[in-house]
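Visitor: For reference, the sequence and a predicted model appear below.
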Amino acid sequence: MNFDKELDARGLSCPLPILKTKKSLNELTSGQVLKVVATDPGSVKDMQAFANQTGNPLLSTAEENKTYVFYLKKK
Amino acid sequence: METLTEKMPLAANDAALDRLISQRIDALFDQRLEAKLAELKAAKTPAMTIIATKGTLDWGYPPFILASTAAALGWDVSIFFTFYGLELLKKDLKKLKVSPLGNPAMPMKMPMGPAWFKSIQWNIPNAVQSLIPAYEAFATKMMKKTIKKSGVADLAELRSLCIEAGVNLIACQMTVDLFGYKHSDFIPEVKDYVGAATFLPMAKDADVSLFI
């Protein structure tokens, strides 16, 4: 998937991946896509909740070797 | 007699009509109210107020974690720091300690070494804990090491994130006087020094209000 910015949140625990995601989204313009890579297993549910609450659609979630990759679209 | 019988059906008709009109109005009103309430709910920015009353390293986390996360979700957040919670507004957070003494739920584990070693629960009786010099300092050091190793944010970092996200930090003036503090002991980002009468109306209008 194409993306405009990548955030490396590996090794960070709750709530840092969410806080950094929010900050990174602030730097994007509407319609741009943010890729987030995280290792916190709690981030899977939290990223979905964050997307629902803020209205920035979560385009996809994938897991590979305990690493989670999220694509969020800035609303 | 004649007129009365003529009027009877008319009166019955009116009553039936009134009933129908009122039923229709009730139904319409319910519908409109539901739509309006949903509209208001969607337009409202959620708000959260927290009362932070504890000043140890471990208890410093919940208010800052919840506040920064809520701010990231786009909520309006205010934290009212009172009693020992004021410690969380001090310029230097490095002095915060955690005490296993009288805290039976706190796991006492080593942050280093092989997995089998790290999983050992070091049960040390309170009487012994209280006699070992610098036991609290040692426990604090171990806790900080564990926090760092698990990728949990440093408390000062979390506080900075809260400030950056626009969380209102409010201090209790009464406690400042009670403990003999000066405003200069605290970070300049403290928005206000107020009393319960200022905080309560904020809490009244908030969707979430927590006492920590």
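Guide: Looks like it arrived, so ask away.
Visitor: Who are the contact partners of the closest residue to chain A within chain B?
Guide: The nearest approach of chain B to chain A comes at residue B:72, 3.9 Å away (CB to the nearest CB). For the C-beta atoms, the positions are set from N, CA and C on the backbone; glycine is no exception. By CB atoms under 8 Å, 6 or more residues apart in numbering or on different chains, the contact list for residue B:72 reads A:15, A:18-19, A:21-22, A:50, A:54, B:165.
Visitor: which one of those is nearest residue A:32?
Guide: residue A:21 (13.4 Å; CB to CB).
Visitor: list the contacts for the closest one?
Guide: Contact analysis of residue A:21 by CB under 8 Å, 6+ apart lists A:7, A:9, A:34, A:36, A:47, A:50, A:70, A:72, B:72.
Visitor: residues contacting the fifth one?
Guide: Translated: residue A:47. Applying CB under 8 Å, 6+ apart to residue A:47 gives the contacts A:17-18, A:21, A:36, A:38, A:58, A:61, A:68, A:70, A:72.
Visitor: Among the contacts of residue B:72, which are located in helices?
Guide: Judged by DSSP state H, the subset of these located in helices is A:18-19, A:21-22, A:50, A:54.
Visitor: Could you list the contact residues of chain A toward chain B?
Guide: Proximity of chain A to chain B, by CB under 8 Å from any CB of the partner chain, involves residues A:11-16, A:18-19, A:21-22, A:39-40, A:50, A:53-54.
Visitor: Is it possible to get JSON lines of the contacts of residue A:21 that adds distance to residue B:26 and pLDDT?
Guide: Shown next, in JSON lines, are those (distance: CB to CB, whole Å; pLDDT from 0 to 100):
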{"residue": "A:7", "distance to residue B:26": "53", "pLDDT": "95"}
{"residue": "A:9", "distance to residue B:26": "53", "pLDDT": "93"}
{"residue": "A:34", "distance to residue B:26": "49", "pLDDT": "96"}
{"residue": "A:36", "distance to residue B:26": "50", "pLDDT": "95"}
{"residue": "A:47", "distance to residue B:26": "44", "pLDDT": "93"}
{"residue": "A:50", "distance to residue B:26": "41", "pLDDT": "93"}
{"residue": "A:70", "distance to residue B:26": "48", "pLDDT": "95"}
{"residue": "A:72", "distance to residue B:26": "45", "pLDDT": "95"}
{"residue": "B:72", "distance to residue B:26": "43", "pLDDT": "91"}
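Visitor: Let me see the contact set for the spatially most central residue of chain A.
Guide: Ranked by distance to the mean C-alpha position of chain A (CA atoms, centre = their mean), the top residue is residue A:36 at 4.2 Å. Residue A:36 makes contact with A:6-7, A:9, A:17, A:21, A:24, A:47, A:69-72, according to CB under 8 Å, 6+ apart.
Visitor: Closest one of these to chain B?
Guide: If you rank the contacts of residue A:36 by distance to chain B using CB to the nearest CB, residue A:21 comes first, at 7.7 Å.
Visitor: circling back to that earlier point, drop anything exposed from the contacts of residue A:36.
Guide: The neighbour-count test (16 or more other CB atoms under 10 Å in any protein chain shown) marks A:7, A:9, A:17, A:21, A:24, A:47, A:70-72 as buried among the contacts of residue A:36.
Visitor: Can I get those in a markdown table including secondary structure?
Guide: Output for the buried ones among the contacts of residue A:36, formatted as a markdown table (DSSP: H, G, I helix; E, B strand; the rest coil):
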| residue | secondary structure |
| --- | --- |
| A:7 | strand |
| A:9 | strand |
| A:17 | helix |
| A:21 | helix |
| A:24 | helix |
| A:47 | helix |
| A:70 | strand |
| A:71 | strand |
| A:72 | strand |
